[in-house]
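> From the sequence below, what's the structure:
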Amino acid sequence: MKSQIYRFKAKKIKPFVLALVIVGILIFSSCNDYSQPKPRGYFRIDLPEKEYFPIQLELPYTFEIPVYSQLEKDNHPMAEKYWTNLIFPTLNAKVHLSYKPLNGNLAALLDDVHKLVNKHIPKANAINEKLFFNEEKGVFGVAYYIKGVDVASPFQFYLTDSTNHFLRGALYFNHSPNNDSLAPVIDYLQEDIKKLIESFEWRNNGN
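The predicted structure is shown next:
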């Protein structure tokens, strides 16, 4: 008889216990889901429409810049004549442009470019090169796409006519680099730098 009473009680209790177990599992799993770290999110960046116009400064070179940028003379104490900065105020970025007249120093300037690019190797995942060649305008050069989360300058380039003029450019952001979050902005600005290069022309006797 006792065994029969025990089985009867077990049948009555079993649904209640099962319900408790199910509720406990749901609570436990929901707590685990809540405590898991979520992937890092980034703020949405609104990028302006593309539109360009020729620069106005008197320089040994000319090119087109976006309407949302400003070309300013470099006022740094160490800056040389015809050095400029292409400022992007809303994107907190700039392209530094350093000009040098050629006087038998092309090999040394190219060596400097390679050294400055190679300084990024420890933090770079890859460095891709693209050749630019415009014989009609006498503009030749190379662009360097430097990929890596902590790379300080993700895009650099140089342009020359190989006889009189040499210009180096480098993209910088005015804060610590985090190029994963900046990827859309970097891609966006690379289009503007490509436009700069494609519209680039030398002016006569800028030395």
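> Surely Asp187 is in a helix?
Yes: residue state for Asp187 (DSSP: H, G, I helix; E, B strand; the rest coil) corresponds to a helix.
> residues near it, how many?
By the measure other C-beta atoms under 10 Å, the count of residues near Asp187 is 12. Heads up, the C-betas are built off the backbone N, CA and C, glycines and all.
> List the buried residues of the host helix or strand of Leu97.
Using DSSP states H and E, the element containing Leu97 is strand 93-101. Neighbour counts over strand 93-101 (16 or more other C-beta atoms under 10 Å) mark 93-100 as buried.
> Tyr172 pairs with what?
For Tyr172, the beta-bridge partners are Lys94 (DSSP bridges).
> Show me where the protein has its strands.
In the chain, strands defined by DSSP state E lie at 52-54, 61-62, 64-66, 70-73, 84-88, 93-101, 126-134, 139-147, 155-160, 165-173, 201-202, listed in chain order.
> For Ala79, list the residues it contacts.
Contact analysis of Ala79 by C-beta atoms under 8 Å, 6 or more residues apart in numbering lists Lys73.
> Local confidence estimate at it?
Ala79 carries a pLDDT value of 95.
> what do you get for Ile25?
43.
> just Lys119 next, same as before
Note on Lys119: pLDDT of 89.
> Next: the one 3 residues further on.
Reported pLDDT at Pro122 in the predicted model: 82.
> For burial, what's the neighbour tally of it?
By the criterion of other C-beta under 10 Å, Pro122 has 9 neighbours.
> so where's this protein shaky on pLDDT?
1-45, 176-180, 205-207 (pLDDT under 70).
> ok, back up a step: now do the strand holding Leu97 against strand 165-173, angle only.
Interaxial angle, strand 93-101 versus strand 165-173 (axes from the mean of the first three to the mean of the last three C-alpha atoms, to 10 degrees): 160 degrees.
> Give the other helices and strands that strand 93-101 contacts.
Packing partners of strand 93-101 (3 or more C-beta pairs under 8 Å, 6 or more residues apart in numbering; DSSP states H and E): strand 84-88, strand 165-173, helix 183-198.
> Pull the distance from that strand to the chain's centre.
Put simply, strand 93-101 sits 17 Å off its chain's centre (C-alpha atoms, centre = their mean, to the nearest Å).
> And stretch 58-76, by the same measure?
On C-alpha atoms, centre = their mean, the centre of stretch 58-76 falls 20 Å from that of its chain.
> Quote the end-to-end distance of that stretch.
Stretch 58-76 has an end-to-end distance of 19 Å (C-alpha to C-alpha, to the nearest Å).
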